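Peer 1: here is a sequence together with a model predicted from it:
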Amino acid sequence: MIGSGPAESGSIPPLGGSRRSRLLPAPQDRRGLLIAVVSSVVVFGVIGYVIATSPGWPRFRDSFFSAEVFAESWPRIARAFWVNVRLFLSAEVLVLILALVLAVLRSLPGAVMFPVRLLATAYVDLFRALPGILVISVLGFGIPALRIEWLPTDEFFWALVALTLLYSAYVSEVYRAGINSIHPSQVAAARSLGLSQLQAMRFVVIPQAVRRVIPPLLNDFIGLQKDTALVSILGVVEIFRAAQIRQAATFNSTPYVITAVIFVLLTVPMARFVDWLVARDQRRASAAAR
Amino acid sequence: MRARTLSTLIPALGLALAACGGGATAAPTGTPTATATPEVTAEATPDACATENLGTVAAGRLTIGTDNPAYPPYFEAREGGNTEPWDPEQGDPTTGAGFESATAYAIAAQLGYAEADVDWIVVPFTNSFAPGPKDFDVFIGQVTFNEERTQGADLSEGYYFGNQTVVVMENSEFATATTITELKAAELGAQVGTTSLATIEEVVQTTPEAAVFNSTDDAIEAMTNGQIDGIVVDLPTAFFITNVQISGGKIVGQIGEAAGAEPEHFSLVLELDSPLTDCVNGAVSALADDGTLDDLVAEWLPDASVPELQP
């Protein structure tokens, strides 16, 4: 970072966050930790007892948490999840690239760049306006219906294209917010060192901007993971459809609970990983400032 | 100071939560009964089926549910346009024309309800046999009888007996197949929650995974686009698809007992443990015995024969 002064690093919180923002008491505060543990046991114990003794509980448990249906349905649902995983991993890579291109295009200064900015803006407006299910139906059913020889008809392909087009629009706005948050003095300093506009973008602005917007990027990635379910419209059996098939066969909602569990197991570690990334980045930034 | 306040507050909150939780109302249990149970008098059973004694949703009227769109040849369109809310491109149940529309009115008449006393409502297919209270007295909509569905609803005696069939495009490599083995390499599609899907997975046992769609129309679209090789639907629907709905379609064959399929029949759906079930079954039996059902099949369903697929 160029010339990081007090204006840039003045408000870094103490390592580990202030006492007010901590979830758990600090490790040194033994008494506080003990109170937290006892209090948790009491609260969750009471809640658990109340739930387990309420009149509707056995029926609810059999309908949503049936061990038998869980065991029967798990293989099919877990296997179908692989479709969603392939889809969101490929889509995310493409989205991150396309969205960055769009954000940079929109940020290019100068009158001569007006048509480029206009096109990029129109793209973002259009794909943020259109519902995902509509885009997938049009691309997944409509385009193969044209019977154009060299265009693929594969459902997975068109779902990937649809998700990429849709999410690039949202993610490009996230990037743009990051880029705009970089103080113009950074660009000025870069230009004064002899870097061109594009070089300044590439070596100075974007690295900082991307680091800033990692949490919102994760947000959109999590949204993308859920939206992979849209591929089921085209006939592909992914995790939600697999759960629906099992639910229709058993009249039991446990398959949906399985799906929920899988998504929670996926999302929570990712969220904690990003928290750690951001904390590490802040530690490095505060170290560099000294 | 703050730690102490907090440490007394949290357990207090927990206890307050417990107090609220203990007073929570019980979840509703069991299936709600239909309106007033019919008075069982000392007279013969038919009187329990008299219209004034049947506990229908609307007193003196029979409410029949079916899905929308209501497809031919089960429901034919009305001259001059279908009544709301029935899809204008397909059939209108209120006409009495079409196999299931005519059968429904015949059953209603057998129970003592005139045409004017019958109401039709839209009910999605999968909701009809799912557990839970129902807005209809009877549902008619190509619902194949199977044991699992009886957990959620009452299924009547069969009013139509027929097989699943495989439909492909004429230029498909599978168009000339005569056996199930030849179809194993095909990617077949069906609507979610149907016995057609079960047929693909359990009887044909295709190597590629079955394609599952929200509706048969989506499956048909994927087939005409060349995205899947074929679809599995019941025989009358297959006739409608290949004769009317699309061009270039072909029925490869029926999946009957020879291919290892269980014989299938369509049943009416009623609410679980409905008091109307016995009466409806009586009506269906009567219509079967006096040949009305056979006449209706002959009148409304194409009689072209379709070969049975061999194993």
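Peer 2: Structure's in. What do you need?

Peer 1: mind giving me the packing neighbours of the strand or helix carrying A:Asp281?
Peer 2: Element membership for A:Asp281, per DSSP states H and E: helix A:254-289. Helix A:254-289 sits against helix A:6-9, helix A:57-64, helix A:67-107, helix A:214-227, helix A:239-250, with contacts defined as 3 or more C-beta pairs under 8 Å, 6 or more residues apart in numbering or on different chains; DSSP states H and E. In short, each C-beta sits where N, CA and C put it, glycine included.

Peer 1: residues from the stretch 151-300 of chain B in reach of chain A?
Peer 2: For the stretch 151-300 of chain B, the residues in contact with chain A (C-beta under 8 Å from any C-beta of the partner chain) are B:151-152, B:189, B:192-193, B:197, B:209-214, B:218-219, B:221-222, B:224-228.

Peer 1: could you check how far the closest residue to chain B within the stretch 51-200 of chain A is from A:Val237?
Peer 2: At 2.6 Å from chain B, A:Gly56 is the closest residue in the stretch 51-200 of chain A, using C-beta to the nearest C-beta. In this structure, A:Gly56 lies at 33 Å from A:Val237, with C-beta to C-beta, to the nearest Å as the measure.

Peer 1: ok, these two, which is more surrounded?
Peer 2: The residue with more neighbours, out of A:Gly56 and A:Val237 and counting by other C-beta atoms under 10 Å in any protein chain shown, is A:Val237; that gives 20 against 15.

Peer 1: buried stuff in the lengthiest strand in chain B?
Peer 2: In chain B, with assignment by DSSP state E, the single longest strand is strand B:153-162. Applying a neighbour-count criterion of 16 or more other C-beta atoms under 10 Å in any protein chain shown, one finds B:153-160, B:162 buried in strand B:153-162.

Peer 1: what's that strand packed up against?
Peer 2: Contacting strand B:153-162 under the criterion 3+ C-beta pairs under 8 Å, 6+ apart are the following elements: helix B:99-111, strand B:264-271, helix B:277-289, helix B:292-300.

Peer 1: now for the helix or strand following the first one, which elements pack on it?
Peer 2: From helix B:99-111 onward toward the C-terminus, using DSSP H and E, the following helix or strand is strand B:118-122. Helices and strands touching strand B:118-122, by 3+ C-beta pairs under 8 Å, 6+ apart, are strand B:62-66, helix B:99-111.

Peer 1: near chain B, which residues of the stretch 51-200 of chain A?
Peer 2: Neighbours of chain B within the stretch 51-200 of chain A, by C-beta under 8 Å from any C-beta: A:51, A:54-57, A:59-60, A:141, A:144-145, A:147, A:153-155.

Peer 1: how about residue 120, what does it touch?
Peer 2: Let's take chain A. For A:Ala120, the set of contacting residues under the criterion of C-beta atoms under 8 Å, 6 or more residues apart in numbering or on different chains consists of A:102, A:105-106, A:172.

Peer 1: please go with chain B instead
Peer 2: B:63-66, B:93-94.

Peer 1: point out where the stretch 51-200 of chain A drops to low pLDDT.
Peer 2: With pLDDT under 70 as the threshold, the stretch 51-200 of chain A has no low-confidence stretch at all.

Peer 1: where's the residue of chain A most remote from its centre relative to A:Ser66, distance?
Peer 2: Residue farthest from the centre of chain A, counting by C-alpha atoms, centre = their mean, is A:Pro55 at 39.2 Å. Relative to A:Ser66, A:Pro55 is positioned 19 Å away (C-beta to C-beta).

Peer 1: convert the C-alpha atoms of the helix or strand containing A:Val46 to PDB, please.
Peer 2: Using DSSP H and E, A:Val46 sits in helix A:30-53. What follows is helix A:30-53, C-alpha atoms only, in PDB (Å, rounded to 0.1, in the frame of the first residue of the first chain):
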ATOM      1  CA  ARG A  30     -11.600 -17.500  33.700                       C
ATOM      2  CA  ARG A  31     -14.600 -16.500  35.800                       C
ATOM      3  CA  GLY A  32     -16.300 -15.000  32.800                       C
ATOM      4  CA  LEU A  33     -15.800 -18.200  30.800                       C
ATOM      5  CA  LEU A  34     -17.100 -20.400  33.600                       C
ATOM      6  CA  ILE A  35     -20.200 -18.200  33.900                       C
ATOM      7  CA  ALA A  36     -20.700 -18.500  30.100                       C
ATOM      8  CA  VAL A  37     -20.500 -22.300  30.200                       C
ATOM      9  CA  VAL A  38     -22.900 -22.700  33.100                       C
ATOM     10  CA  SER A  39     -25.300 -20.200  31.600                       C
ATOM     11  CA  SER A  40     -25.300 -22.000  28.200                       C
ATOM     12  CA  VAL A  41     -25.900 -25.300  29.800                       C
ATOM     13  CA  VAL A  42     -28.900 -23.900  31.800                       C
ATOM     14  CA  VAL A  43     -30.500 -22.100  28.800                       C
ATOM     15  CA  PHE A  44     -30.000 -24.900  26.200                       C
ATOM     16  CA  GLY A  45     -31.000 -27.500  28.800                       C
ATOM     17  CA  VAL A  46     -34.200 -25.700  29.600                       C
ATOM     18  CA  ILE A  47     -35.000 -25.100  25.900                       C
ATOM     19  CA  GLY A  48     -34.300 -28.800  25.100                       C
ATOM     20  CA  TYR A  49     -36.500 -30.000  27.900                       C
ATOM     21  CA  VAL A  50     -39.400 -27.800  26.900                       C
ATOM     22  CA  ILE A  51     -39.200 -29.000  23.300                       C
ATOM     23  CA  ALA A  52     -38.900 -32.700  24.100                       C
ATOM     24  CA  THR A  53     -41.800 -32.700  26.500                       C
END
